[in-house]
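# I'll drop the sequence and a predicted model, then ask my questions.
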Amino acid sequence: MGDPGGRGGVSEDVLVVGGGVLGLTTAVVLAEAGRRVRVVTREPAARTTSAAAGALWEPYRAHPADRVAGWARRTLDTLTALAATPDETGVRMVAGLKAARSASFRLPSWVAGLPAELRPSLISEGLPAGYRAGYRARLPLLDMPAYLGHLERRLAAAGGVLERRALASLAEAAREAPAIVNCAGLGARELVPDPLLRPVRGQLVVVAQPTPRVDEWFAESPDEAVRDPAGGTELLYVLPQPEIVVLGGTAHEDRGDTDPDPELAARIVERAAAFDPRLGAARVLDHRVGLRPYRPAIRLEREALPGGAVCVHNYGHGGAGVTLSWACASDAAALLTG
């Protein structure tokens, strides 16, 4: 019998490096298309940056803008479909408000690409005190632990295999499989290596749903971000899930520590309480810290490795991994085939 993988001792068609949202989504796309897929990740999904994400669909800290808008629009279609079964997928369509204290606020350019039924309009009335402009929208909001579990189940159902171990280099990966997809996120700094990757640290506070419940999301415009004592920026957002509310958030470039900062957490809660007193009295359940893998431009391209293996790179999505995941996974699969 011939070797099914095309090389001696190789039984899998594709090795996907990275078990966050990009790696799992890419593996699902490939496995459900009939490819034999193995995912290698040094961390379980629950400990990846993806698990710490606030996970409201919205392009954020990702470039180039034109490609990001297209990827985001295509991924929106898939997430909207998954929201039809929220208990299974962890994806819900939730109404909310993006607001700014400045009357000069304008709709972001990617809004123009939204389907008509989801496209918001600029508003200046009916806003919380202190805000002068904004828009209301109904967008996908993901419960990330539930969603990552959904992806893992889909991968297993399609015959994919998940291994928890580290790879030191792409050369090591190439010795295991003839086709590789690099979704290592920030880990690609050493794996490739790629010095253009930088961590952007984000911290969130998770509180119990108060009574009465918070049912709509709220987020300040990125233009409202304020500098903090550590040199990063802080921005208010409130993201409700069925049992919890996720409060954010922060962005600290080139900061790679993942221990929660108590002073930062206190400021997050204080800002949320000023917006909605219910949140100040809510019980704190958890603190989440993640390192967004920022790159001046997302790397989504095919590369021939020494020895004949093919690698498709799919990393550097900054704060928009979830928002771009399905489109980038589809394009990565097409590059691998092509």
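Nice, I can see it.
# and the nearest residue to L196 once chain neighbours are set aside, what element?
Closest residue in space to L196, ignoring its immediate chain neighbours: R295 at 5.2 Å, by C-beta to C-beta, 6 or more residues apart in numbering. For glycine as for every other residue, the C-beta is placed from the backbone atoms N, C-alpha and C. Take DSSP states H and E as the rule and R295 turns out to sit in strand 284-304.
# surely G231 is in a helix?
No. Counting by DSSP: H, G, I helix; E, B strand; the rest coil, G231 is not found in a helix; it is coil.
# immediately after the worst-scoring helix or strand of the chain on mean pLDDT, which helix or strand?
When each helix and strand of the chain is scored by mean pLDDT, DSSP states H and E, strand 226-227 comes last, with a mean of 90. Heading C-terminal from strand 226-227, the first helix or strand you meet, by DSSP H and E, is strand 233-240.
# tell me the angle of the helix or strand following that next one relative to strand 284-304?
Per DSSP H and E, the first helix or strand lying C-terminal to strand 233-240 is strand 244-253. Calculated by axes from the mean of the first three to the mean of the last three C-alpha atoms, to 10 degrees, strand 244-253 forms an angle of 50 degrees with strand 284-304.
# which strands or helices does strand 244-253 pack on?
Contacts defined by 3 or more C-beta pairs under 8 Å, 6 or more residues apart in numbering; DSSP states H and E place strand 244-253 against strand 198-208, strand 233-240, helix 262-275, strand 284-304.
# within the sheet, what are the partner strands of it, with directions?
If you go by DSSP bridges, strand 244-253 pairs up with strand 198-208 (antiparallel), strand 233-240 (antiparallel).
# so which of these is nearest T89?
strand 233-240 (16.6 Å; C-beta to C-beta).
# restricting to C-alpha, output that closest one in PDB.
Extracted C-alpha coordinates of strand 233-240, given in PDB (Å, rounded to 0.1, in the frame of the first residue of the first chain):
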ATOM      1  CA  THR A 233      -4.200  52.900  26.300                       C
ATOM      2  CA  GLU A 234      -7.400  52.100  28.000                       C
ATOM      3  CA  LEU A 235     -10.900  52.000  26.400                       C
ATOM      4  CA  LEU A 236     -14.300  51.200  27.800                       C
ATOM      5  CA  TYR A 237     -16.300  48.200  26.500                       C
ATOM      6  CA  VAL A 238     -19.000  46.100  28.000                       C
ATOM      7  CA  LEU A 239     -19.700  42.700  26.400                       C
ATOM      8  CA  PRO A 240     -22.500  40.700  27.900                       C
END
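# just the element for M93, please.
strand 91-100.
# now that strand: average pLDDT?
Throughout strand 91-100, pLDDT has a mean value of 97.
# buried set for that strand?
Within strand 91-100, the residues scored as buried using 16 or more other C-beta atoms under 10 Å are V91, R92, M93, V94, G96, L97, K98, A99, A100.
# run a quick neighbour tally on the nearest residue to the fifth one once chain neighbours are set aside.
Read it as G96. Leaving aside its chain neighbours, G96 sits nearest to W217 (3.2 Å; criterion: C-beta to C-beta, 6+ apart). W217 has 23 neighbours, counted by other C-beta atoms under 10 Å.
# one step back: so how far is the strand holding R295 from its chain's centroid?
7 Å (C-alpha atoms, centre = their mean, to the nearest Å).
# ditto for stretch 50-61
4 Å.
# how about stretch 111-120?
21 Å.
# pLDDT at E43, what is it?
87.
# and for the one 10 residues further on?
Model confidence at A53, given as pLDDT, is 85.
# how much space between it and E224?
Separation of A53 from E224 (C-beta to C-beta, to the nearest Å): 20 Å.
# likewise for T25?
Going from T25 to E224 by C-beta to C-beta gives 31 Å.
# ok, now D194?
For D194, the distance to E224 - C-beta to C-beta - is 32 Å.
# with R175 instead?
According to C-beta to C-beta, R175 and E224 sit 49 Å apart.
# which one of those two has more residues nearby?
Neighbours per residue, other C-beta under 10 Å: of R175 and E224, the larger number sits with E224, 17 against 14.
# now the helix or strand where C328 lies: buried residues?
For C328, the host element (DSSP H and E) is helix 321-337. Using 16+ other C-beta under 10 Å as the test for burial, helix 321-337 gives 321-333, 335-336.
# dump the residue contacts of the closest residue to D254 other than its chain neighbours.
Among residues not flanking D254 along the chain, R198 sits closest, at 5.7 Å (C-beta to C-beta, 6+ apart). Residues in contact with R198, defined by C-beta atoms under 8 Å, 6 or more residues apart in numbering, are E253, D254, Y294, R295.
# where's T26, which helix or strand?
Here T26 is assigned to helix 21-32, by DSSP H and E.
# so what's the gap between the helix or strand that comes right after that helix and the chain middle?
Using DSSP H and E, the helix or strand that follows helix 21-32 in sequence is strand 37-41. How far strand 37-41 lies from its chain's middle: 19 Å, per C-alpha atoms, centre = their mean.
# much appreciated, bye for now.
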